[in-house]
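Enquirer: Provided below for reference: sequence and predicted model.
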Amino acid sequence: HLATSLPLPSERDHLRPRIDLIVFMIDIKSKYSLKNVEASLAHVDASFFLGKVCFLVTGVGRVNYCSIDTNAICKLGEAYCSPVLFCELELEGIRVATAQRLLRMLQICAGLVPGVSALSFGLLMRKSADD
């Protein structure tokens with residue numbers, strides 16, 4: 001399910017499936033994109049930041065057109081204890097690899113991977129980013 005911002009409309013709450021993973025997409029070419037994500041973060045329950053949120057930064061292949069400093073995005077990931085994935089959606093190989101990575105994250109967050117919790121996976125992602 002896709003939403004352009006949070007909070008989600010409450011009139012369909014009874015029809016909405018369980019939310020296992022929230023992926024905030026940030027277009028590195030748009031300052032509005034980052035501001036929209038920052039505003040939406042206030043509407044996410046704190047328990048989701050324990051392995052069930054990630055930031056997906058698109059457009060990273062076009063450094064000349066960047067409107068957002070990547071350090072600001074990395075700091076956002078650190079502040080919310082959530083991984084940051086960088087990708088270029090216009091390149092098919094990277095797009096496919098990113099989709100597979102997100103799908104695996106979703107499987108873990110939904111509890112479909114035995115022995116791996118969303119919290120432990122989130123800690124592993126943060127540890128590998130720190131190295």
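Expert: Ah, there it is.
Enquirer: can you find the helix or strand in this structure with the smallest mean pLDDT?
Expert: Scoring the helices and strands of the chain by mean pLDDT, DSSP states H and E places helix 118-130 at the bottom, with a mean of 64.
Enquirer: now do the contacts for the closest residue to Cys81 other than its chain neighbours.
Expert: Distances taken as C-beta to C-beta, 6 or more residues apart in numbering put Phe49 closest to Cys81, at 5.5 Å, once the chain neighbours are dropped. Using the backbone N, CA and C atoms, a C-beta is placed for each residue, glycine as well. Listed by C-beta atoms under 8 Å, 6 or more residues apart in numbering, the contact set of Phe49 reads Tyr80, Cys81, Ser82.
Enquirer: possible to save those residues as a markdown table with distance to Gly115?
Expert: Below are the contacts of Phe49 laid out as a markdown table (distance: C-beta to C-beta, whole Å):
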| residue | distance to Gly115 |
| --- | --- |
| Tyr80 | 25 |
| Cys81 | 22 |
| Ser82 | 22 |
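Enquirer: quick check: which of those residues has the minimum pLDDT.
Expert: Lowest pLDDT within the contacts of Phe49 is found at Cys81 (86).
Enquirer: helix, strand or coil: sort out that one for me.
Expert: Following DSSP: H, G, I helix; E, B strand; the rest coil, the label given to Cys81 is coil.
Enquirer: near it, how many other residues are there?
Expert: 14 (other C-beta atoms under 10 Å).
Enquirer: and it, what are its phi and psi?
Expert: Main-chain torsions, Cys81, degrees, to the nearest 10: phi 50, psi 50.
Enquirer: how near is it to Asp27?
Expert: Remark: distance between Cys81 and Asp27 (C-beta to C-beta, to the nearest Å) = 23 Å.
Enquirer: likewise Ala99?
Expert: Taken as C-beta to C-beta, the span from Ala99 to Asp27 is 17 Å.
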